[in-house]
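Chemist: here you go, sequence then predicted model.
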Amino acid sequence: MSARQPFSSSSLWNTDVSSAPLDPNSSTIISNWVGSVNLHPDWGTDPTYGIPYVVVNGSQPLVNINLGAYPDESDPGPMPIPPNAPVEGGSSSTGDRHVLVLNNANCFLYELYNASPNSDGSWNADSTAVWDPLGNEQRPYTWTSADAAGLPIFPGLVRYDEVAAGTIQHAFRFTLPKTSAAFTPPASHWAATSSDPTAPPMGMRLRLKSSYDISSFSTQMQVILTAMKHYGLILADNGSSLFVTGVSDSRWGSDLDSLKTVPASAFEVVQMNPVYTNTTYPTGSAPTISSFTASPTHVAAGDNVTLSWNTSSTQYEIVSPGPGAVRGTSVIVNPTSTTTYTLYATNQYGRTTATVTVNVP
């Protein structure tokens, strides 16, 4: 998997919106809800700023995740989270404590919210989400993720390697203090901080105006600002106004501060259509699991067992305990004791589960 651009070119994260229609309420939204502020790059050289991530390979052990506040809207473990995975804000942070892990062996992205490690190698987290960067997966409507908008975090980060490469072809994640109980794609969840229905919905996209002159900025900052003109900023969480999230890196220069001179008035709102509320969001059928079997069902400890399944209308699947996120229609496990495996099949409308037990004498 390329760490530079998860998901396909048709993903809304990767869609060029430079010529998309303007929202009819753009000026009002900028004035009333973004305010008279300047852009704030919420990252730098200090590793306790921004949101970090770590890349692991196929040898990284899978560990259990103990779910806290949102177990029914979380993806179960096991997950390849290293015991020393970087935590947003640092190991003693009292903030959102996001943990992002990219597995370059199976091309899955794992994101945790309010995460903390345990001495046995497991992690605690209030919310978890597994993302398949090879597809265009969406969380079930009204489910949270590790982010309030139900979105993945990693695809929306400003990362130094992309800037150094000279081009960025995706939108960035940003925050506002007031949001409504509504969302617009690509978001699928809200976390309202305002009862005013004119407040921005999660997923709202800002775009730097094409007329905004960026010629005085450094070459690297122009890469970032050009991406804001073409792909924009997607509202992903509640927070300080017009704070854009990136990954801190010792290679960032002092020119990063120049972004703080860009006023909110230099942005406009891309047309939002549709906007979903608690009475209008799409509904449909969760995946169908027509079979989930084990062969053989009785084995000696450590022997191979093939778990096979047949599902329909599924966006992603997880087998727990053991393999975790999987692709295809089968996987080999090696139980050392009698184990009941659960298949979790999820799409944009919900989740379906099935179980099978393998007996170990």
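Modeler: That came through, no problem. Quantities reported herein were computed from a predicted structural model and do not represent experimental measurements.
Chemist: quick one, grab the pLDDT at the nearest residue in space to residue 241 that is not next to it in sequence.
Modeler: Spatial nearest neighbour of residue 241, excluding adjacent residues (Cβ to Cβ, 6 or more residues apart in numbering): residue 37 at 4.8 Å. C-beta here means a position set from N, CA and C on the backbone, and glycine is covered the same way. Residue 37 is assigned 98 on the pLDDT scale.
Chemist: shouldn't residue 37 be in contact with residue 242?
Modeler: Yes: the pair residue 37 and residue 242 passes the contact test of Cβ atoms under 8 Å, sitting 5.2 Å apart.
Chemist: those two - which one has more neighbours?
Modeler: Neighbour tally, residue 37 and residue 242, criterion other Cβ atoms under 10 Å: the higher count belongs to residue 242, 23 against 15.
Chemist: now residue 254: phi and psi?
Modeler: Backbone torsions for residue 254, taken as degrees, to the nearest 10, come to phi -70, psi -20.
Chemist: likewise the one 3 residues further on?
Modeler: Residue 257 adopts backbone torsions of phi -60, psi -20, taken as degrees, to the nearest 10.
Chemist: ok, residue 111 next?
Modeler: Residue torsions, per degrees, to the nearest 10, at residue 111 are phi -130, psi 130.
Chemist: from residue 130, how far off is the nearest residue to it once chain neighbours are set aside?
Modeler: Distance criterion Cβ to Cβ, 6+ apart; nearest residue to residue 111, sequence neighbours excluded, is residue 146 at 3.8 Å. Computed as Cβ to Cβ, to the nearest Å, the residue 146 to residue 130 distance reads 10 Å.
Chemist: also residue 360?
Modeler: 27 Å.
Chemist: which one of the two is surrounded by more residues?
Modeler: Comparing residue 360 with residue 130 by other Cβ under 10 Å, the one with more neighbours is residue 130, at 24 against 15.
Chemist: name every strand pairing with the helix or strand containing the more buried one and say which way it goes.
Modeler: Using DSSP states H and E, residue 130 sits within strand 127-131. Note on strand 127-131: by DSSP bridges, its sheet partners are strand 108-113 (antiparallel).
Chemist: so for the partner strand, mean pLDDT?
Modeler: pLDDT averaged over strand 108-113 gives 98.
Chemist: correct me, but the residue nearest to residue 111 touches residue 128?
Modeler: Yes: if you go by Cβ under 8 Å, residue 146 and residue 128 touch, sitting 6.8 Å apart.
Chemist: need the overlap of contacts for those two.
Modeler: Common contact partners of residue 146 and residue 128 (Cβ atoms under 8 Å, 6 or more residues apart in numbering): 111-113.
Chemist: got CSV for those, with neighbour count and distance to residue 225 too?
Modeler: Converted to CSV, the shared contacts of residue 146 and residue 128 look like this (neighbours: other Cβ atoms under 10 Å; distance: Cβ to Cβ, whole Å):
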residue, neighbour count, distance to residue 225
111, 27, 27
112, 28, 31
113, 24, 30
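Chemist: all set, thanks.
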